[in-house]
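S.K.: The following block contains a protein sequence and its predicted model.
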Amino acid sequence: MKAHITNATSVGRAHKGAALALDLGLVVGLVLLGVYVYGTLHKDQLSFSSGDWKSVLRDGSQLGPSGGPKTLVEFTDYQCPYCKTANEALGGLDHSKYRVLIIHYPLRSLHAQAEAAAIAAECAKEQGHFSEFHTALFNDQEAIAREDWAQISSKVPSISLPKLRACMQSEPAKARVEKGIAIGTKVGVNGTPTFFLNRKSISMENIARLEKGTLQRLASQ
C-alpha cells in the first residue's frame, strides 16, 4: 500500500510539474506576443510617401481640437491595452501645437471585436462625436468584448444608437476601416499603437517627450 501511495505521489508531482511547465510556457508565449506588438512602439524607421500622407490627412479621424501645424497620426486598435495607455497620454498633448489624427488598424488575429469597434467609431464620426466615442470605447474595453454598443453609447448622450447600429451595417463605414488597414499595411505597420509625426514614425517614448520640445527636429522634417 505504501508503494502505491508513493507512486501516486510521484504521479501527482509529475502532473503538477507538467501543468507548471504548461503555465510557464503560456506566460512566456504571452510575454513574447506582447513584446512583438509593443516592439513597434520603439522603432523610428517607417515613413509615408507624400501621396499616402495626403490620403491620411484627408481620411484620418481628428481627435480633439483642430490643433497646430504638426500632425501626429496614430494607428490604433480599440481592444489593445497599449493603445488605451497611449490614448490617456495623448489627453495631455498641447493641441495648439499638434493635430492628432486616428487611423483604425484592428488586429483581427488578436482582437475579435476590434474591427466592429472601429466601424462604430467611424459611425460616431458621422454623427459628429468621434472624439467622445473614441474615448468611451477605450474606457470600456469589456463592453467592446461583449459588443455592447448601447452601453458605450450611453457615455455619449448625443449619440443616436439606432443611427449608429444602422451605420455599422453599411458598406461605407466598413470600407473606411478597410482603407485604414490597407494604408497601414502598405507603410509597414504591424502592431498598435504605431505613431507618425509629419510622415515619419516615432516611438512611444518620444510621444512622451513631445511636450518637452525635444522633437523639433523630427517635426520639422
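M.R.: Right, received. Where do you want to start? Numbering: from 1, shown residues only.

S.K.: residues contacting Gly184?
M.R.: Applying Cβ atoms under 8 Å, 6 or more residues apart in numbering, we find Gly184 in contact with 75, 103, 105, 194. All C-beta atoms are positioned from the backbone trio N, CA, C, and that covers glycine.

S.K.: And the last one, its phi and psi?
M.R.: The phi and psi values for Thr194, taken as degrees, to the nearest 10, are phi -120, psi 130.

S.K.: Test my guess that it contacts Ser201.
M.R.: Yes. Using Cβ atoms under 8 Å, Thr194 is in contact with Ser201, at 6.4 Å.

S.K.: Overlap in contacts, the two.
M.R.: Leu46.

S.K.: what about the two, which has more around it?
M.R.: Thr194 (28 against 23; other Cβ atoms under 10 Å).

S.K.: For that one, name its beta-bridge partners.
M.R.: Beta-bridge partners for Thr194, by DSSP bridges, are Phe75.

S.K.: Quick check: it vs Cys83, distance?
M.R.: 10 Å (Cβ to Cβ, to the nearest Å).

S.K.: joint contacts of those two?
M.R.: Contacts common to Thr194 and Cys83, judged by Cβ under 8 Å, 6+ apart, are Glu74.

S.K.: rewinding a little: now for the contacts of Gly184, which pair is the farthest apart?
M.R.: Ile103 and Thr194 (9.1 Å; Cβ to Cβ).

S.K.: what sits in contact with each of these two?
M.R.: By Cβ under 8 Å, 6+ apart, the residues touching both Ile103 and Thr194 are 74-75, 184.

S.K.: Could you give the number of residues near the spatially closest residue to Ala124 that is not a sequence neighbour?
M.R.: Nearest residue to Ala124, sequence neighbours excluded (Cβ to Cβ, 6 or more residues apart in numbering): Phe133, at 3.4 Å. Per other Cβ under 10 Å, the neighbour tally for Phe133 reads 25.

S.K.: residues contacting Phe133?
M.R.: 120-121, 124-125, 152-153, 156, 159 are the contacts of Phe133 under Cβ under 8 Å, 6+ apart.

S.K.: wait, doesn't Glu132 sit right on Val156?
M.R.: Yes. Judged on Cβ under 8 Å, Glu132 makes contact with Val156 at a distance of 4.5 Å.

S.K.: Quick check on those two: which one has the bigger neighbour count.
M.R.: A count of neighbours by other Cβ under 10 Å puts Val156 above the other of Glu132 and Val156, at 20 against 16.

S.K.: re the thing from before, which helix or strand lies directly C-terminal to the helix or strand encompassing the residue nearest to Ala124?
M.R.: Element membership for Phe133, per DSSP states H and E: helix 130-139. Proceeding N to C from helix 130-139, the next assigned helix or strand is helix 141-145, under DSSP H and E.
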